[in-house]
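1. My questions are about this predicted structure, shown below with the sequence.
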Amino acid sequence: MAKIFKLLILFCFTILLTACSSKNPPLQTVQKVELNKYLGTWYEIARYEHFFERNCKNVTANYSMMNEETIKVINRCTKIQTNEKKEAIGRAYAIDETNSKLKVSFFRPFYGDYWVLMLDENYKYAVVGTPSREYLWILARDSKLDEKIKNEILQKLPSLEFDSSKLIWTIQE
């Protein structure tokens, strides 16, 4: 019995060390996000492909406060081929006082990272990603983003170790 317990402890310790290690360097977020300014509707300008937005156009995200600590998230899109409208409702919370690192869930109890990497001083656009570099979104308050701003974002992405060639440019009609 003691041998099984020791093996179990060793296994848990190994899992803990593996989970804490990362092949990606640390990811810098913005210094502060004022949640009241961030709330509202954002249009997706571009994203890395993932299953829950595959073949979507007219993608938006709306953020509103559920309570003092929890943000309600409503993601909407229209399927390109069928024009079927999809909606996913989730929740998010900040993990520190900067509000730049959030945890988001659409399938509780599972939460994913939502880190604000770039943010216009007037909250006109934002770039959001994950420390694993698996997910990336370019968001804007309008359905179109100025070409100059888009190019500035694209120039900064390599320094954050995101591959801009993986971006899918969202159709906004």
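-> Perfect, I can see it now. Since the model is a prediction, treat every value here as computed from it, not as a measurement.

2. Next, name the residue at the spatial heart of this protein.
-> Tyr114 (3.7 Å; C-alpha atoms, centre = their mean).

3. So that residue lies in a helix, does it not?
-> No - secondary structure assignment (DSSP: H, G, I helix; E, B strand; the rest coil) places Tyr114 in strand, not in a helix.

4. Let me see the contact set for it.
-> Residues near Tyr114 by C-beta atoms under 8 Å, 6 or more residues apart in numbering: Ala92, Lys101, Leu102, Lys103, Val104, Val128, Thr130. (Glycine included, C-beta is placed from N, CA and C.)

5. Double-check Met66 against Ala92; I have them as touching.
-> No - under the criterion of C-beta atoms under 8 Å, Met66 makes no contact with Ala92, lying 9.4 Å away.

6. Name the residue in those two with the higher neighbour count.
-> Neighbour count, other C-beta atoms under 10 Å: between Met66 and Ala92, Ala92 has more, with 20 against 12.

7. residues making contact with the host helix or strand of the more buried one?
-> Ala92 is part of strand 85-94, with elements assigned from DSSP states H and E. Taking contacts as C-beta under 8 Å, 6+ apart, the residues outside strand 85-94 that touch it are 33, 35, 52, 56, 63, 66, 69-79, 100-106, 108, 114.
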